[in-house]
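>>> With the sequence up front, the predicted model follows.
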Amino acid sequence: MNILIKISNTIDQINEFAGKVVSWLLILMIINVFIVVVLRYVFSYGAVWMQETYIWMHSIIFLVGAGYTLAYDAHVRIDLIYGKAGDQYRSVVNLICTLIFALPVLYYLFLSSLPFVERSWSIYEKSAETGGLHGVFLFKSVILLFCILFGLQFIALMIKSVSTFFRHK
C-alpha cells in the first residue's frame, strides 16, 4: 500500500505544480483584460490577438487547474448524499463515482479529442480571425493535458479512498 500512497503523493505534486503555474497565468490574464478594456474604451483601439489571448488563458486556467482543484477537494459536490457522511462512506462514493463516471468520461474525451488535436497539428492551425493568434494547435493540445492531469488526480483520489476505507475497517 505504501507504493500506492507514494504514487498518489507524486500525482498530487504534479497537479500542485500545474495549479501554481496557472495561478500566475491568472494574474497575467487579469492584466491582459485590463489592458484590452483600457485600449478599447479609452483609446478606441482593439486587437484580436489580445482578446484571443485572455480567452485562451481563461480556458487553460480551468483545464489545467482542474486536477489541482480536485486535489484540494474543492469541486462542487452534492451535499445531500455527501455532506454529512463519514469518511468511510465518502471513500466508497469517491471510488464508485470515479470508476463509473469520471475515468470513463475522461477516457472518452481523450480518445475523441485526439483526432481533433492531430488534425490541428497536421495543418499547424491558426486563428480563423484576421490578426488572431497562431498556434491554435498548441491551445487545442491543452484538452489532452486536461484529460491526463485530471485523470491522474482521479487515480490519486481512488488510492486515497481505498486507503481511507481500509484504515477505518
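Here it is on my side, so go on.

>>> Only C-alpha atoms from now on, for both contacts and neighbour counts.
OK.

>>> Could you tell me which ranges of the chain sit under the pLDDT cut-off?
1, 78, 168-169 (pLDDT under 70).

>>> Check which helices and strands the longest helix along the chain sits against.
Using DSSP state H, we find that the single longest helix of the chain is helix 2-43. For helix 2-43, the packing partners by 3 or more Cα pairs under 8 Å, 6 or more residues apart in numbering; DSSP states H and E come out as helix 48-71, helix 136-167.

>>> Pull the distance from the last one to the chain's centre.
Pointing back at helix 136-167 there. 9 Å (Cα atoms, centre = their mean, to the nearest Å).

>>> Begin at 264, not 1, for the rest of this chat.
Noted, 264 is the first residue going forward, which turns the last one into helix 399-430.

>>> Name the residue most distant from the centre of this protein?
Farthest-out residue of the chain from its mean C-alpha position, per Cα atoms, centre = their mean: Phe306, at 35.6 Å.

>>> need the contact list for that residue.
By Cα atoms under 8 Å, 6 or more residues apart in numbering, Phe306 lies in contact with nothing.

>>> now do Ala365
Contacts of Ala365 by Cα under 8 Å, 6+ apart are Gly414, Phe417.

>>> would you turn the helices and strands packed on helix 265-306 into TSV with mean neighbour count?
What follows is the helices and strands packed on helix 265-306, written out as TSV (neighbours: other Cα atoms under 10 Å):
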stretch	mean neighbour count
helix 311-334	19
helix 399-430	19
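
>>> So for Ala281, which of those helices sits nearest?
helix 311-334 (6.5 Å; Cα to Cα).

>>> Let me know the angle separating that closest one from helix 399-430.
10 degrees (axes from the mean of the first three to the mean of the last three Cα atoms, to 10 degrees).

>>> Point out the other helices and strands that helix 311-334 packs with.
Helix 311-334 packs on helix 265-306, helix 399-430, going by 3+ Cα pairs under 8 Å, 6+ apart.

>>> Serialize those helices to JSON lines and add fields for distance to Leu326.
Listed next are those as JSON lines, based on distance: least, Cα to Cα, whole Å:
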{"stretch": "helix 265-306", "distance to Leu326": "10"}
{"stretch": "helix 399-430", "distance to Leu326": "5"}
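
>>> quick one: which of the ones you listed is nearest Gly349?
helix 399-430 (10.4 Å).
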